[in-house]
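> Using only what follows, build the 3D model:
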Amino acid sequence: MRFSFLLVQRKSANAITKHMKGCVHTMKRIIFLTTALTIVWVILMESFSWQNIAIGVILGIIISRFSSKYLPNTKERAEDIERIKFYKLITYPFWLIGKAFKDAFFIMRLIVTDGAKCNIVKEQLGLDNEVLRTILADSVTLTPGTICLELNDKEITILYMSDGKTSGLSGVNENLRSIEKKLQKAEAGE
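Numbers count the residues shown, from 1 in each chain. A predicted model of the protein is given here:
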(Lines give C-alpha, C1' and ligand atoms only; values in the text may rest on other atoms or scores of the structure.)
Protein backbone atom coordinates (compact mmCIF):
# COMPACT_ATOMS: atom_id res chain seq x y z
CA MET A 1 0.00 0.00 0.00
CA ARG A 2 2.75 2.40 0.95
CA PHE A 3 4.68 1.61 -2.28
CA SER A 4 1.69 2.41 -4.53
CA PHE A 5 1.18 5.67 -2.64
CA LEU A 6 4.81 6.63 -3.31
CA LEU A 7 4.40 5.83 -7.04
CA VAL A 8 1.28 7.99 -7.27
CA GLN A 9 3.05 10.74 -5.37
CA ARG A 10 6.06 10.54 -7.73
CA LYS A 11 3.86 10.61 -10.85
CA SER A 12 1.99 13.62 -9.56
CA ALA A 13 5.30 15.33 -8.73
CA ASN A 14 6.49 14.72 -12.32
CA ALA A 15 3.22 16.13 -13.66
CA ILE A 16 3.57 19.18 -11.43
CA THR A 17 7.18 19.67 -12.55
CA LYS A 18 6.16 19.43 -16.21
CA HIS A 19 3.30 21.88 -15.62
CA MET A 20 5.63 24.31 -13.84
CA LYS A 21 8.11 24.18 -16.74
CA GLY A 22 5.27 25.00 -19.11
CA CYS A 23 4.20 27.92 -16.89
CA VAL A 24 7.76 29.25 -16.70
CA HIS A 25 8.08 29.03 -20.50
CA THR A 26 4.77 30.88 -20.92
CA MET A 27 5.82 33.58 -18.46
CA LYS A 28 9.17 34.05 -20.22
CA ARG A 29 7.34 34.40 -23.53
CA ILE A 30 4.87 36.92 -22.09
CA ILE A 31 7.68 38.97 -20.49
CA PHE A 32 9.73 38.96 -23.69
CA LEU A 33 6.74 39.91 -25.86
CA THR A 34 5.63 42.61 -23.42
CA THR A 35 9.14 44.09 -23.33
CA ALA A 36 9.44 44.05 -27.13
CA LEU A 37 5.99 45.62 -27.60
CA THR A 38 6.77 48.28 -24.96
CA ILE A 39 9.95 49.23 -26.81
CA VAL A 40 8.06 49.44 -30.11
CA TRP A 41 5.36 51.56 -28.43
CA VAL A 42 7.90 54.01 -26.98
CA ILE A 43 9.66 54.29 -30.36
CA LEU A 44 6.38 54.91 -32.18
CA MET A 45 5.22 57.49 -29.64
CA GLU A 46 8.61 59.26 -29.86
CA SER A 47 8.49 60.08 -26.18
CA PHE A 48 10.41 58.40 -23.38
CA SER A 49 8.10 59.28 -20.51
CA TRP A 50 6.82 57.18 -17.62
CA GLN A 51 3.27 57.49 -18.94
CA ASN A 52 4.27 56.08 -22.35
CA ILE A 53 6.24 53.26 -20.75
CA ALA A 54 3.29 52.39 -18.49
CA ILE A 55 0.86 52.43 -21.42
CA GLY A 56 3.30 50.31 -23.44
CA VAL A 57 3.58 47.74 -20.65
CA ILE A 58 -0.20 47.57 -20.21
CA LEU A 59 -0.78 47.20 -23.96
CA GLY A 60 2.05 44.67 -24.17
CA ILE A 61 0.50 42.52 -21.44
CA ILE A 62 -2.94 42.69 -23.06
CA ILE A 63 -1.59 41.81 -26.51
CA SER A 64 0.64 38.99 -25.25
CA ARG A 65 -2.20 37.46 -23.21
CA PHE A 66 -4.57 37.80 -26.17
CA SER A 67 -2.09 36.17 -28.54
CA SER A 68 -1.39 33.27 -26.18
CA LYS A 69 -5.09 32.70 -25.55
CA TYR A 70 -6.70 33.17 -28.97
CA LEU A 71 -4.01 32.64 -31.61
CA PRO A 72 -2.98 29.09 -32.45
CA ASN A 73 0.32 28.13 -30.88
CA THR A 74 0.89 24.53 -31.83
CA LYS A 75 3.92 22.51 -30.88
CA GLU A 76 4.91 22.15 -34.56
CA ARG A 77 4.82 25.92 -35.05
CA ALA A 78 6.97 26.42 -31.94
CA GLU A 79 9.49 23.88 -33.24
CA ASP A 80 9.54 25.62 -36.65
CA ILE A 81 10.24 28.95 -34.97
CA GLU A 82 12.99 27.45 -32.80
CA ARG A 83 14.76 26.11 -35.91
CA ILE A 84 15.03 29.56 -37.52
CA LYS A 85 18.32 31.42 -37.15
CA PHE A 86 16.88 34.92 -36.77
CA TYR A 87 20.29 36.58 -36.54
CA LYS A 88 20.74 35.70 -40.23
CA LEU A 89 17.58 37.70 -41.04
CA ILE A 90 18.75 40.99 -39.50
CA THR A 91 19.36 42.62 -42.89
CA TYR A 92 16.32 41.02 -44.55
CA PRO A 93 13.81 43.85 -43.87
CA PHE A 94 16.21 46.45 -45.30
CA TRP A 95 16.88 44.29 -48.36
CA LEU A 96 13.13 43.80 -48.86
CA ILE A 97 12.46 47.55 -48.64
CA GLY A 98 15.13 48.19 -51.29
CA LYS A 99 13.63 45.47 -53.49
CA ALA A 100 10.16 46.95 -53.06
CA PHE A 101 11.37 50.40 -54.17
CA LYS A 102 13.14 48.93 -57.20
CA ASP A 103 10.08 46.92 -58.23
CA ALA A 104 7.79 49.90 -57.60
CA PHE A 105 9.50 51.92 -60.33
CA PHE A 106 9.11 49.03 -62.78
CA ILE A 107 5.39 48.68 -61.97
CA MET A 108 4.84 52.46 -62.18
CA ARG A 109 6.35 52.42 -65.66
CA LEU A 110 4.03 49.57 -66.66
CA ILE A 111 0.96 51.36 -65.38
CA VAL A 112 1.83 54.72 -66.95
CA THR A 113 2.53 53.19 -70.36
CA ASP A 114 -0.67 51.07 -70.25
CA GLY A 115 1.39 47.95 -70.65
CA ALA A 116 0.32 46.17 -67.46
CA LYS A 117 -1.13 42.70 -67.87
CA CYS A 118 -2.01 40.34 -65.03
CA ASN A 119 -1.09 36.67 -64.96
CA ILE A 120 -1.21 33.85 -62.42
CA VAL A 121 1.61 31.37 -61.83
CA LYS A 122 2.15 28.41 -59.49
CA GLU A 123 5.70 27.80 -58.28
CA GLN A 124 7.30 25.12 -56.13
CA LEU A 125 9.17 26.29 -53.03
CA GLY A 126 12.39 24.91 -51.61
CA LEU A 127 11.78 26.07 -48.04
CA ASP A 128 11.04 23.32 -45.51
CA ASN A 129 10.08 25.62 -42.65
CA GLU A 130 6.40 26.65 -42.56
CA VAL A 131 7.15 29.95 -40.81
CA LEU A 132 9.73 30.90 -43.47
CA ARG A 133 7.27 29.96 -46.24
CA THR A 134 4.74 32.29 -44.61
CA ILE A 135 7.34 35.07 -44.45
CA LEU A 136 8.07 34.44 -48.15
CA ALA A 137 4.37 34.68 -49.05
CA ASP A 138 4.04 37.93 -47.08
CA SER A 139 7.19 39.28 -48.75
CA VAL A 140 5.76 38.47 -52.19
CA THR A 141 2.60 40.40 -51.29
CA LEU A 142 4.65 43.36 -50.02
CA THR A 143 6.61 43.51 -53.29
CA PRO A 144 4.81 45.79 -55.78
CA GLY A 145 3.18 44.02 -58.70
CA THR A 146 2.86 40.63 -57.00
CA ILE A 147 0.25 39.17 -54.68
CA CYS A 148 0.32 35.77 -53.04
CA LEU A 149 -3.04 34.15 -53.73
CA GLU A 150 -2.43 30.79 -52.09
CA LEU A 151 0.27 28.99 -50.14
CA ASN A 152 0.03 25.21 -49.88
CA ASP A 153 2.78 23.11 -48.33
CA LYS A 154 5.54 23.70 -50.89
CA GLU A 155 3.55 25.46 -53.63
CA ILE A 156 2.75 29.15 -53.95
CA THR A 157 0.25 30.75 -56.33
CA ILE A 158 1.13 34.31 -57.35
CA LEU A 159 -0.83 36.97 -59.22
CA TYR A 160 1.69 39.24 -60.94
CA MET A 161 1.83 42.17 -63.33
CA SER A 162 3.95 42.11 -66.44
CA ASP A 163 4.22 43.98 -69.69
CA GLY A 164 2.08 42.61 -72.52
CA LYS A 165 5.06 41.67 -74.70
CA THR A 166 6.53 38.95 -72.52
CA SER A 167 4.93 36.62 -70.02
CA GLY A 168 6.93 38.15 -67.18
CA LEU A 169 7.30 34.70 -65.71
CA SER A 170 11.08 34.85 -65.65
CA GLY A 171 10.97 38.10 -63.65
CA VAL A 172 8.52 36.68 -61.12
CA ASN A 173 10.55 33.49 -60.84
CA GLU A 174 13.74 35.52 -60.36
CA ASN A 175 12.10 37.67 -57.64
CA LEU A 176 10.67 34.62 -55.88
CA ARG A 177 13.99 32.78 -55.95
CA SER A 178 15.90 35.81 -54.64
CA ILE A 179 13.50 36.12 -51.69
CA GLU A 180 13.65 32.38 -51.12
CA LYS A 181 17.46 32.40 -51.21
CA LYS A 182 17.57 35.11 -48.52
CA LEU A 183 15.19 33.15 -46.31
CA GLN A 184 17.00 29.82 -46.80
CA LYS A 185 20.01 31.31 -45.02
CA ALA A 186 17.93 31.33 -41.82
CA GLU A 187 16.98 27.66 -41.99
CA ALA A 188 18.75 25.61 -39.35
CA GLY A 189 19.97 23.07 -41.91
CA GLU A 190 22.52 25.51 -43.34
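> Tally up the residues packed near residue 42, please.
16 (other CB atoms under 10 Å). (Each C-beta comes from the backbone N, C-alpha and C, glycine too.)
> Can you read off the backbone torsions of it?
phi -60, psi -40 (degrees, to the nearest 10).
> Repeat that for residue 114.
Dihedral angles (degrees, to the nearest 10) for residue 114: phi 50, psi 30.
> contacting residues around residue 107?
Applying CB atoms under 8 Å, 6 or more residues apart in numbering to residue 107 gives the contacts 116, 144, 145, 161.
> Identify the residue spatially nearest to the most centrally placed residue in the chain, adjacent ones excluded.
The centroid of the chain falls nearest to residue 135 when counting by CA atoms, centre = their mean (4.6 Å). The shortest distance from residue 135 to any residue other than its chain neighbours is 6.1 Å, reached at residue 183 (CB to CB, 6 or more residues apart in numbering).
> Give me the helices and strands touching the helix or strand hosting the one you found, please.
Using DSSP states H and E, residue 183 sits in helix 169-184. Packing partners of helix 169-184 (3 or more CB pairs under 8 Å, 6 or more residues apart in numbering; DSSP states H and E): helix 92-112, strand 116-124, helix 130-142, strand 155-163.
> Just to check, residue 137 is in contact with residue 155?
No - applying CB atoms under 8 Å, one finds residue 137 not in contact with residue 155, separated by 10.9 Å.
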